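Chemist: Below are the sequence and a predicted model for it; my questions follow.
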Amino acid sequence: MRRSHVTQEEEAEINITPMLDVVFIMLIFFIVTATFVRETGIDVTRPDAQTAQQQQRPPILIAISKDGEIWFDRRRIDIRAVRANVERALAENPEGGVVILADRESITGLLVEVMDEARLAGAPSVSIASEQQE
C-alpha cells in the first residue's frame, strides 16, 4: 500500500471563493440601493430667499442660464423639448417634482414658459430653486 504524503503548502491553502461571493453580493446591494443625483450641466447663480426650504425627494432639475439656455440632464434643450423631457423623467420617477434652477439674471418670461411646459407635462409640483438667506 502506498501512502500519500500531504505537503504543508497544500494543507495551508485558504479557499477565498465564499469571501468573493459575499463581496459581490455587497457590491450588487450598494449599486441597487444607491440614489443617483442628476445634475443640470451648468452652474447657476440662484437668488436668495428667506423662505427657502429643502426638498425631501430627488427632484427633476431644469436649469436656465443667464444667456437664456435651457439645460436638462447635462444637455442643452429647446423650450419645445421641455415637456417631452419632463414626461420621460416623470415616467421614471412619478413622485418627483420639478425644480427650476434659474440664474439670477435670466429672463423671467423664459422661466414662466419652462414652468408652464413642466405643468403641462403633468409634474405634481413645480418649484424655483433659491439660496437660503442666513
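Modeler: Okay, I see it.

Chemist: Let me see the ranges of the strands in the chain.
Modeler: Along the chain, the stretches classed as strands by DSSP state E are 48-49, 60-64, 70-72, 75-77, 98-102, 126-128, 131-132.

Chemist: Can I get the fifth one in PDB, CA atoms only?
Modeler: Pointing back at strand 98-102 there. Output in PDB follows, covering the C-alpha atoms of strand 98-102 (Å, rounded to 0.1, in the frame of the first residue of the first chain):
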ATOM      1  CA  VAL A  98     -39.700  69.700 -11.000                       C
ATOM      2  CA  VAL A  99     -37.200  72.200  -9.700                       C
ATOM      3  CA  ILE A 100     -36.100  75.000 -12.000                       C
ATOM      4  CA  LEU A 101     -32.700  76.400 -11.300                       C
ATOM      5  CA  ALA A 102     -33.000  79.900 -12.900                       C
END
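
Chemist: outside of it, which residues touch it?
Modeler: The contact list for strand 98-102 (CB atoms under 8 Å, 6 or more residues apart in numbering) reads 40, 44, 46, 55, 59-64, 86, 111, 114-115, 118, 123, 125-129. Every residue, glycine included, has its C-beta placed from N, CA and C.

Chemist: In PyMOL, how would I select just the buried ones from the residues you listed?
Modeler: Buried residues among these (16 or more other CB atoms under 10 Å), as a PyMOL selection:
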select buried, resi 40+44+46+59+60+61+62+63+64+86+111+114+115+118+123+126+127+128+129
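
Chemist: Could you export the strands of the chain as a markdown table, including mean pLDDT and distance to Ile28?
Modeler: Shown next, in a markdown table, are the strands of the chain (pLDDT from 0 to 100; distance: least, CB to CB, whole Å):
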| stretch | mean pLDDT | distance to Ile28 |
| --- | --- | --- |
| strand 48-49 | 64 | 42 |
| strand 60-64 | 91 | 27 |
| strand 70-72 | 93 | 30 |
| strand 75-77 | 92 | 30 |
| strand 98-102 | 90 | 31 |
| strand 126-128 | 88 | 34 |
| strand 131-132 | 68 | 37 |
